[in-house]
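Chemist: generate a structure from the sequence data that follows.
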Amino acid sequence: MILDRLARGATRAARITHTEHLPPRIGTHADWPAQIRPEVIDAIRSAGIERPWAHQARTSEHALRGESVVVATGTASGKSLAYMAPVLSALLDGSEAQSQKLQREAFPRGGGGRRVGGRGATALYLAPTKALAADQRRAVRELAAPLGTAVRPAVYDGDTPVEEREWVRQYANYVLTNPDMLHSGILPAHARWSSFLRALRYVVIDECHSYRGVFGSHVAQVVRRLRRVCARYGSEPVFLLASATAAEPARAASRLTGLPVAEITEDTSPRGEVVFALWEPPLTELHGEQGAPVRRTATAETADLLTDLAVQGVRTVAFVRSRRGAELIALIAQERLAEVDRSLPGRIAAYRGGYLPEERRALERALHSGELLGLAATTALELGVDVSGLDAVVIAGYPGTRASLWQQAGRAGRAGQGALAVLVARDDPLDTYLVHHPEALFDQPVESTVLDPDNPYVLAPHLCAAASELPLTEADFALFGPETEALLPQLEAAALLRRRATAWYWTRRERAADLTDIRGRGGSPVQIVEAGTGRLLGTVDAAAAHTTVHEGAVHLHQGRSYLVRHLDLADDVALVEEANPPYSTTARDTTAISILETDTEVPWGDARLCFGSVEVTNQVVSFLRRKLITGEVLGETKIDLPPRTLRTRAVWWTVTEDQLDAARVNPQQLGGALHAAEHASIGMLPLFATCDRWDIGGVSVPLHPDTLLPTVFVYDGHPGGAGFAERAFHTAADWLAATRSAIAACECEAGCPSCIQSPKCGNGNDPLHKRGAIRLLGELLRGAPTVAPES
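Modeler: Coordinates of the predicted model:
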C-alpha cells in the first residue's frame, strides 16, 4: 500500500494523525432522455460510454425542458457529459435546421438561388481558468468528432490570436471563454456577436463553486448583463451549471444567475476506495519569534512526499496554495530525485497561473501523456482539468474550504481505482485544528458559497458597463437588484452616467468595462521584468504587489530564483535579477481601523457583537527572510511603501472591564490576549466562510477610540466587503468556540504559528498572551446566545 511505504519509520508514522478510509461506491445507470439525438448517443458510445449515470440523465432532462439546473457531484463523476449531451444535441438540431433553411432560401420554388447568412443554435461555455477552457475544447472535439462540422468548438480568450477572433465570432457555435473575456471583450462588442447571441440556447458555467466572494459577485453581475443583451436579441438561454459538492448548490446557482435553478446532488457514479491521511509535520529544534517552537514546513514535507512517490513510480499532483510554494516544492523534489536517479528530475514540474500561455499548454500536454510523473500545482490545475490516471494527491496546507479539499483530493483515482490523498498541515491554527479534529473534515457538510452581487462597489461599475451596452431603464432594476435605484443618482453625480428622459446612458470616451477588474485584483497587474534583458517573466496582481514583489523580495519562476531590485508602482513594473539566496521572504504590514457605521449590534451578556462598515488603513512596513526548508527567521528588513485605504465590512466584538476581571486578564496581559484571539480567529474563519485567511484581515485594540472598549475586528480585504465578515457575524458562536478550542489544544507553552502567531503580523507577533486569549474567549462565549444572530 502506498501510504504504508510513505510512513515507514517511527518518526514518519507519528506524523499521521488520522487515516480515513472512504469506501468504494457502486454506480447506478439510467437511459438518456428520448430528446437526445441518436447521433450524439452514438458519439458518446464511441467514446466508450454505453449508458449514462443516473445523475447525468436527470441533468439532461432538466436542460431539455428548458430549466436551468446545477449538477453538484464529486470529482470525476461525469458532470461534463451531463451538460454536454443536451448541448451537442441542440447544436446538431440547430445545424440541420439552418442547413434546411439555407436550402429553401437558396433554391426557392420558381426562382433563382441566393445564399443567405445566419447560423443555427449556439452555446457558450464559461470556465474560471484558461486551462480548463482549453481542456474542455479538447474534450468536446474528441467527443463530437463523429458529428462532423455540426459542432464547431473554439476558445475565445486573451490568448486567442487576433486573426482567429473573427472566425470564432462568425462561425463557431460552441464558444469556450471565461468571465473576464465575457465582461471585457464580448459584451462591450455585442453587436459583433449578434448572430451568436440571437441563437444562444445554452450557457454552461463550469466549476461554479469557485465563483465566491468578490470574484463571484462580479461574475453574477456579468451573467445578468449577458441575460440582458441576449433578451435584446430575442434569446433566453438556459443555464447549465456544474459544481463540486457544495451546500445548497441551487441557492448559490440562483444567486449567481438571478434565475430559479434546479439541483442534482446525488452522485450515482462509481468510486474506488480512497485512503485519506492527515499529516502533521514534526516540531524542530529551531525557535522562531518570541522563542516559539517551529514546526517543519508543509512545503518541505510535501517536497519529501512528492520525491518518495516519484521514486515509487506513483503519478502524483501536489496542490500548493501559492505560486512560490509550487515552484519551491518542484525545485526541492528535482534536487532530491537527482541524487537517486538522474532521469527522474525532468519528470517533475511546477504548474501555476502567471506562466506564459505556451508554457502552460506544454505542461498540460506532458501531464496528459504521462511524460510527467509529478506536478506541484496551484489551483490553476485544481479546477476541472481532466487529469486521469493519478495514483495520489498531496495537499500542502488546507486549501481554505472543504469544497476545494474534496475537489483536489478527487483528482486521484479518477478512473475508479483506489487512491491516496494526504493533507499536510501548515504551521497554522486552522490546519492544526483540522488534523486533530478530523470530524470537522469528514463528518461535516461542505460550506455554502458566499457571494454578494448587491455590494455597491461591485454593482456600480457593472451598471455603467450595462448602460454602455444598452441604455439602462427602470425595467432593468429587478434584474440588477435592489441597490440599483439608489446607485444611479450617485453615478450621475460622479458624471459616469447621464439621464435622458427615461433612460441612463454611458457618455464617456473610455470603455465602461475597464472600470473594474472582476477578480477584485484592484488595478493593472504588475509586470515582472528581468532587468538585464528586459524579458517579461510574468505578472502579479496589483493588490498583491506590495507583499510579493517589494524591493528585496524573492520571486521564483520556472524553478529559478530572482531578487526584486525595484518596484515601480507608477508604471506597474517590478525589475528583478536572477539570484540564488538561501532564504524566502514574507511581507509584514500594520493596520489601523475606524468604524463608519454599525448595521447590527447583538448583546452577548455584557459583551457586544457588531457588524457594519469600516475604513482600514494598511501599510507594508517590512519583510522577513526565512531559511529555505526549515522556515527559521534570519532577519527583518524595513521597507518604505505608501499606505493604502480600504472601505469595507467588518465584524467586531467588545468586552467590558468586569469581563476582563472575570477572565483574570490584567492590563499587562490585555493587549496580548486580544492580539492572540484576533490572529487565531482569522486563521479559523475559513472553516465557516468560503474564504482564505489572506482574503480577510484583523485589528485588535485595548481601547478603541470608536467603541471606548477593548475591541477585536475581523474585516473583508476587498472594497465594499465580500460577504466573509457577514458570514462570521452569523456563525460567531461556533467560529469563536472553535477558535478557543484550537488555541487550547495546541501543545506549545506560550504560543506558536500553529495557534496564535500570524505570518503576516506587522508587529512581529508581539505582544501575544496564549493563556489570556483562552480565558478571554471563554468569558466572551459565556454570554453568547444559543441561536446565531440575525441581522
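Chemist: helices of the stretch 651-791 of the chain, start to end?
Modeler: For the stretch 651-791 of the chain, the helices defined by DSSP state H, counting those that start in this stretch occupy 657-662, 667-684, 724-730, 732-745, 770-782.
Chemist: export the ones you listed to JSON lines and tack on mean neighbour count and mean pLDDT?
Modeler: Backbone N, C-alpha and C define where each C-beta goes, glycine included. Shown next, in JSON lines, are the helices of the stretch 651-791 of the chain (neighbours: other CB atoms under 10 Å; pLDDT from 0 to 100):
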{"stretch": "helix 657-662", "mean neighbour count": "16", "mean pLDDT": "97"}
{"stretch": "helix 667-684", "mean neighbour count": "24", "mean pLDDT": "96"}
{"stretch": "helix 724-730", "mean neighbour count": "24", "mean pLDDT": "93"}
{"stretch": "helix 732-745", "mean neighbour count": "21", "mean pLDDT": "94"}
{"stretch": "helix 770-782", "mean neighbour count": "22", "mean pLDDT": "97"}
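Chemist: name the SS class of Gln170, please.
Modeler: State at Gln170, reduced to three classes by DSSP: H, G, I helix; E, B strand; the rest coil: helix.
Chemist: tell me the contacts of it?
Modeler: For Gln170, the contact set (CB atoms under 8 Å, 6 or more residues apart in numbering) comprises Ser195.
Chemist: just give the nearest non-adjacent residue to the residue nearest to the spatial centre of the chain, would you?
Modeler: The residue lying closest to the centre of the chain (CA atoms, centre = their mean) is Ser210, at 5.0 Å. Distances taken as CB to CB, 6 or more residues apart in numbering place Pro128 nearest to Ser210, at 4.7 Å, with adjacent residues excluded.
Chemist: ditto for Ser524
Modeler: Spatial nearest neighbour of Ser524, excluding adjacent residues (CB to CB, 6+ apart): Asp572 at 5.0 Å.
Chemist: now Cys746
Modeler: Using CB to CB, 6+ apart, the nearest residue to Cys746 is Cys755, at 3.7 Å.
Chemist: my guess is the one you found contacts Asp428. True?
Modeler: No - when contacts are counted by CB atoms under 8 Å, Cys755 is not listed as touching Asp428 (9.1 Å).
Chemist: so how far is Tyr174 from Arg37?
Modeler: 15 Å (CB to CB, to the nearest Å).
Chemist: same check, this time on Phe215
Modeler: Using CB to CB, Phe215 is found at 25 Å from Tyr174.
Chemist: show me where the stretch 451-600 of the chain has strands.
Modeler: Counting by DSSP state E, counting those that start in this stretch, the stretch 451-600 of the chain has strands at residues 472-473, 498-500, 503-505, 526-530, 536-540, 554-557, 560-568, 573-578, 583-604.
Chemist: of Cys755 and Asp428, who's got more company?
Modeler: Cys755 (29 against 23; other CB atoms under 10 Å).
Chemist: next up, phi/psi of that one, please.
Modeler: As for Cys755, its main-chain torsions (degrees, to the nearest 10) stand at phi -130, psi -60.
Chemist: burial check on Pro702, number of neighbours?
Modeler: For Pro702, the neighbour count with other CB under 10 Å is 15.
Chemist: also Gln444?
Modeler: Number of residues near Gln444 (other CB under 10 Å) recorded here: 12.
Chemist: ditto for Thr268
Modeler: Number of residues near Thr268 (other CB under 10 Å) recorded here: 21.
Chemist: tell me the SS of it?
Modeler: What three-state DSSP gives for Thr268 is coil.
Chemist: that one and Trp53 touch, don't they?
Modeler: Yes - at 4.6 Å, Thr268 counts as touching Trp53 under the criterion of CB under 8 Å.
Chemist: buried residues in the longest helix seen in the chain, which are they?
Modeler: Counting residues, the longest helix found in the chain (DSSP state H) is helix 79-106. For helix 79-106, a neighbour-count test (16 or more other CB atoms under 10 Å) marks 79-95, 98 as buried.
Chemist: same thing with stretch 573-592?
Modeler: Under the neighbour-count criterion of 16+ other CB under 10 Å, stretch 573-592 has Val573, Ala574, Leu575, Val576, Tyr583, Ser584, Thr585, Thr586, Ala587, Arg588, Asp589, Thr591 buried.
Chemist: pipe these into CSV and attach distance to Trp653 per row.
Modeler: Putting these into CSV (distance: CB to CB, whole Å) gives the following:
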residue, distance to Trp653
Val573, 42
Ala574, 39
Leu575, 44
Val576, 43
Tyr583, 38
Ser584, 35
Thr585, 34
Thr586, 28
Ala587, 28
Arg588, 25
Asp589, 22
Thr591, 17
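Chemist: could I get these as TSV with distance to Val651 and pLDDT?
Modeler: Output for those, formatted as TSV (distance: CB to CB, whole Å; pLDDT from 0 to 100):
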residue	distance to Val651	pLDDT
Val573	37	96
Ala574	34	96
Leu575	40	97
Val576	39	96
Tyr583	36	91
Ser584	32	88
Thr585	31	92
Thr586	26	88
Ala587	25	90
Arg588	24	89
Asp589	20	85
Thr591	15	88
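Chemist: what about the residue nearest to Asp599 when sequence neighbours are not counted, which helix or strand?
Modeler: In this structure, Asp599 finds its nearest non-sequential neighbour in Gly612, 4.4 Å apart by CB to CB, 6+ apart. Using DSSP states H and E, Gly612 sits within strand 607-627.
Chemist: each with direction, which strands does that strand pair with?
Modeler: strand 583-604 (antiparallel), strand 633-638 (antiparallel), strand 644-654 (antiparallel) (DSSP bridges).
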